[in-house]
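1. how would this look folded up:
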Amino acid sequence: MARSENFCGVILAAGSSSRMGRDKALLPWPPVAEGVHAVNTFLGAWIDLLQFHTELVIVVCGHNKAQIEPVVYEHGAFLVENHKPERGQFSSLQVGLHDVLNRGRDGAVITLVDRPPVVPGTVHELKHQLLASPPDVWAVVPEVQRGEEVVHGHPVAIGRDMIEAFLRAPAESTARDVERQHQPHIRYIAIDDPRIAMNINTPEDYDRLRAANLVASETAF
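-> Predicted coordinates:
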């Protein structure tokens, strides 16, 4: 039986951004210097990108609801709130995936808002690889070579079985815990896109991203 193509985009954006000092969801994208007009934000750009490859996009917020709500609705996405984001990122993942099923979808492309938006072809390839995989593959995870190390990143594409595995897991779990428990059902694919493994947690991280000029080669979605 063919795998369902009913995908939601899910953006986890409920973090406190304490090390950044401002909400990472609202960081300018492409990166600009302080005081320079921003074309978009991390959150807005992720919504725009995922909308092209999914039927709808869900953003999971926390106590930052009032700050990011205008961006979510301006870009045509849906907002769902994690009322206890202090429980950790996995709680936001479960909130988002409950909403995926509530909206009648069977798959998701999941990302963290503190990653710079990937090049458009990355999302297409992850979704394509999941759809082309046999039923015993529940998720496709991108990986990139970083020096001598292979690093896994985001976004990830998951089907109904992986959604249910995440939702069955205890609240104190992590996504990595669940992934390890279901390792035979995870497919890792090499992606030539350094952004999949970039965490932008501090102002210094953002400055390095801007200096690297990694946004110069944007292509059409």
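
2. Next, the buried residues of stretch 119-129.
-> By 16 or more other C-beta atoms under 10 Å, the buried positions in stretch 119-129 come out as V119, P120, T122, V123, E125, L126, K127, Q129. Every C-beta, even on glycine, is put in place using the N, C-alpha and C of the backbone.

3. and the fourth one, what is it in contact with?
-> By C-beta atoms under 8 Å, 6 or more residues apart in numbering, the contact list for V123 reads L49, L50, F52, H53, V109, P155.

4. Quick one, grab the pLDDT at it.
-> Looking at V123, its pLDDT is 96.

5. Quick check: the gap between the most centrally placed residue in the chain and D207.
-> Geometric centre of the chain, nearest residue: T111, 0.6 Å, by C-alpha atoms, centre = their mean. Here the criterion is C-beta to C-beta, to the nearest Å. By it, T111 lies 22 Å from D207.

6. same thing with H63?
-> For H63, the distance to D207 - C-beta to C-beta - is 26 Å.

7. Ok, H124 next?
-> 30 Å.

8. Same question for N199.
-> On the measure of C-beta to C-beta, N199 and D207 end up 14 Å apart.

9. quick revisit: are any of the contacts of V123 buried, and if so which?
-> Buried among these (16+ other C-beta under 10 Å): L49, L50, H53, V109, P155.

10. residues in contact with the third one?
-> Listed by C-beta under 8 Å, 6+ apart, the contact partners of H53 are F7, G9, V109, V123, H124, K127, F221.

11. list the contacts for the third one?
-> Contact analysis of V109 by C-beta under 8 Å, 6+ apart lists 7-10, 50, 53-54, 123, 126-127, 155-157.

12. now the helices for the chain?
-> Ranges of helices in the chain, per DSSP state H, are 42-53, 65-74, 89-102, 120-132, 160-168, 175-181, 203-212.

13. To I189, which of these lies closest?
-> Ranking the helices of the chain by proximity to I189 (C-beta to C-beta) places helix 120-132 first, at 5.6 Å.

14. Ranking helices and strands of the chain by mean pLDDT, which lands last?
-> Here the helix or strand of the chain ranked lowest by mean pLDDT, DSSP states H and E is helix 203-212, holding a mean of 87.

15. between it and helix 42-53, how big is the angle?
-> 60 degrees (axes from the mean of the first three to the mean of the last three C-alpha atoms, to 10 degrees).

16. okay if I get the helices of the chain as TSV plus distance to S17?
-> Compiled in TSV, the helices of the chain are given as follows (distance: least, C-beta to C-beta, whole Å):
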stretch	distance to S17
helix 42-53	11
helix 65-74	10
helix 89-102	13
helix 120-132	24
helix 160-168	24
helix 175-181	19
helix 203-212	11
